[in-house]
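K.L.:
need the 3D shape of this:
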Amino acid sequence: MKDKYLYETFKSKPSAFDHDFTRFLNEKSRNGWEYQHCFFCHDDRMSYASCVFKRLG
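P.N.:
As a prediction, this is how the structure comes out:
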């Protein structure tokens, strides 16, 4: 069986990024996705994470 991957971009205000990103990762895990890697960038108004997840099981 081939592995399944998901690419998703997350964004949040910088002041809430840590909390919101943790919730985002936890939700992905509950839905059967394992974190593989993310790339991060930010500006004055938003922070972004572009992430790849692998389907568990």
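K.L.:
element containing the most centrally placed residue in the chain?
P.N.:
For the chain, the residue nearest the mean C-alpha position is residue 51 (4.8 Å; CA atoms, centre = their mean). Here residue 51 sits within strand 47-55, counting by DSSP states H and E.
K.L.:
strands paired with that strand, and their directions?
P.N.:
Strand 47-55 pairs in its sheet with strand 5-12 (antiparallel), strand 33-42 (antiparallel), by DSSP bridges.
K.L.:
would you list these in JSON lines and tack on mean pLDDT and distance to residue 26?
P.N.:
All C-beta spots, glycine's among them, are computed from the backbone N, C-alpha and C. Compiled in JSON lines, the strands paired with strand 47-55 are given as follows (pLDDT from 0 to 100; distance: least, CB to CB, whole Å):
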{"stretch": "strand 5-12", "mean pLDDT": "97", "distance to residue 26": "12"}
{"stretch": "strand 33-42", "mean pLDDT": "96", "distance to residue 26": "10"}
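K.L.:
closest to residue 24 out of the ones you listed?
P.N.:
Taking CB to CB, strand 5-12 is the member of those nearest to residue 24, at 5.1 Å.
K.L.:
quick one: buried residues of the closest one?
P.N.:
Residues of strand 5-12 classed as buried: 10, 11, 12 (neighbour count, 16 or more other CB atoms under 10 Å).
K.L.:
also stretch 39-46?
P.N.:
By neighbour count on 16+ other CB under 10 Å, the buried set for stretch 39-46 is empty.
K.L.:
not counting its neighbours along the chain, what's nearest residue 53?
P.N.:
Excluding the flanking residues, the one nearest residue 53 by CB to CB, 6 or more residues apart in numbering is residue 33, at 3.8 Å.
K.L.:
ok, now residue 46?
P.N.:
residue 11 (5.2 Å).
K.L.:
was I right about the one you found contacting residue 51?
P.N.:
No - the pair residue 11 / residue 51 is not scored as a contact, 11.5 Å apart, by CB atoms under 8 Å.
K.L.:
where's the residue nearest to the centre of the chain relative to residue 36, distance?
P.N.:
8 Å (CB to CB, to the nearest Å).
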